[in-house]
Structures are given as structure tokens and as C-alpha cells.
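Visitor: structure, please.
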Amino acid sequence: MISLTKAECEAFIGRELDEREAQNFDLFREIAELRLNNLLSREVAEMTAPEDLTLIKLLIARMVAVLSDEQAEAQARGIVAKTVEDFKIEYDKDANTPLTEYVRQNEDLLKKYTAATYEMRAGRTDDMADYVI
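Guide: Numbers count the residues shown, from 1 in each chain. A predicted model of the protein is given here:
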């Protein structure tokens, strides 16, 4: 497991951790690293070169922020239409998820460290394996 402190995480994401993130930081960090492993198709803990460590910590810290953003988004799903008579509710199918934004914003770093040989694409899918690099 990559050693990432709360202070480093705050510096990388440019804000203080909220109360929930701070109280559950070890869990957030572990899940972020596991998701990054899945996204890169390799174990980030095996990347021990000093020149890579800071960038890997940056990616993990940003993934911690994604996890928190996903929880907030789940609480406030984007309703784009509502019909009172029919009780029709539609969700914005084209809305970007926090993970989609993460992939787009970190595409260059993710490509640098991925073990996969396929192209990067980002979109809303049911399986994180479809967020490929």
C-alpha cells in the first residue's frame, strides 16, 4: 500500500478533507488505491521508483476526492425532467460522473502508468473495467 498522509492528500486535492473523509481516511485511501489498481490494470504499490511515487500519490489523492464526489452525487441525482400527471422522472444520461472527470483530467498520468495496451475512453458504464486507458 502506498503511504499517503492526510496532509499530503489535502495538498494534492487543494482543499481540507471534510469530516467524513478525515474520520475514514484509511478506508478512503485503501478504496482509492484499489480502484486505481483496477483502472491501471496493475498494482500501484509495486511502483516504487522515487520519481513515480509523487505522481502515484497525486492520483490516489484525486481518487479519494472522486469517492467523496460520487457519494455526494448519489445523494443528489440530476433530475432533468419531471411530469406531475404521469409521475415521470428522467435522469440526465449524458451527465459526467466524478470517475469520468477523473479519467479525463488525469489521462496523461494514467496512460503513463497503465499496464493495459488499449486506448483510453471515459463514459458512463456499469463496470469500471470499461473506463480503460
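Visitor: now the top helix by length along the chain, how far from the centre of its chain.
Guide: With secondary structure taken from DSSP state H, the chain has its longest helix at helix 50-75. Centroid separation for helix 50-75 versus its chain: 5 Å, with CA atoms, centre = their mean, to the nearest Å.
Visitor: for that helix, buried residues please.
Guide: Under the neighbour-count criterion of 16 or more other CB atoms under 10 Å, helix 50-75 has 56-68 buried. Every C-beta, even on glycine, is put in place using the N, C-alpha and C of the backbone.
Visitor: contacts for the host helix or strand of residue 111 next, please.
Guide: Using DSSP states H and E, residue 111 sits in helix 107-113. Residues outside helix 107-113 that contact it (CB atoms under 8 Å, 6 or more residues apart in numbering): 39-40, 42, 44, 47, 52, 55-56, 58-59, 103, 120, 133.
Visitor: can I get those residues in a markdown table including pLDDT and distance to residue 20?
Guide: Converted to a markdown table, the contacts of helix 107-113 look like this (pLDDT from 0 to 100; distance: CB to CB, whole Å):
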| residue | pLDDT | distance to residue 20 |
| --- | --- | --- |
| 39 | 90 | 23 |
| 40 | 90 | 26 |
| 42 | 90 | 29 |
| 44 | 90 | 24 |
| 47 | 87 | 29 |
| 52 | 89 | 30 |
| 55 | 93 | 26 |
| 56 | 93 | 24 |
| 58 | 95 | 22 |
| 59 | 94 | 21 |
| 103 | 87 | 24 |
| 120 | 50 | 30 |
| 133 | 48 | 29 |
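Visitor: lowest-confidence member of the buried residues of helix 50-75, which is it?
Guide: Among the buried residues of helix 50-75, residue 68 has the lowest pLDDT, at 89.
Visitor: what does the residue nearest to that residue when sequence neighbours are not counted show for phi and psi?
Guide: Spatial nearest neighbour of residue 68, chain neighbours left out: residue 21 (5.6 Å); criterion: CB to CB, 6 or more residues apart in numbering. Main-chain torsions, residue 21, degrees, to the nearest 10: phi -60, psi -40.
Visitor: and the gap between residue 21 and residue 15?
Guide: Computed as CB to CB, to the nearest Å, the residue 21 to residue 15 distance reads 10 Å.
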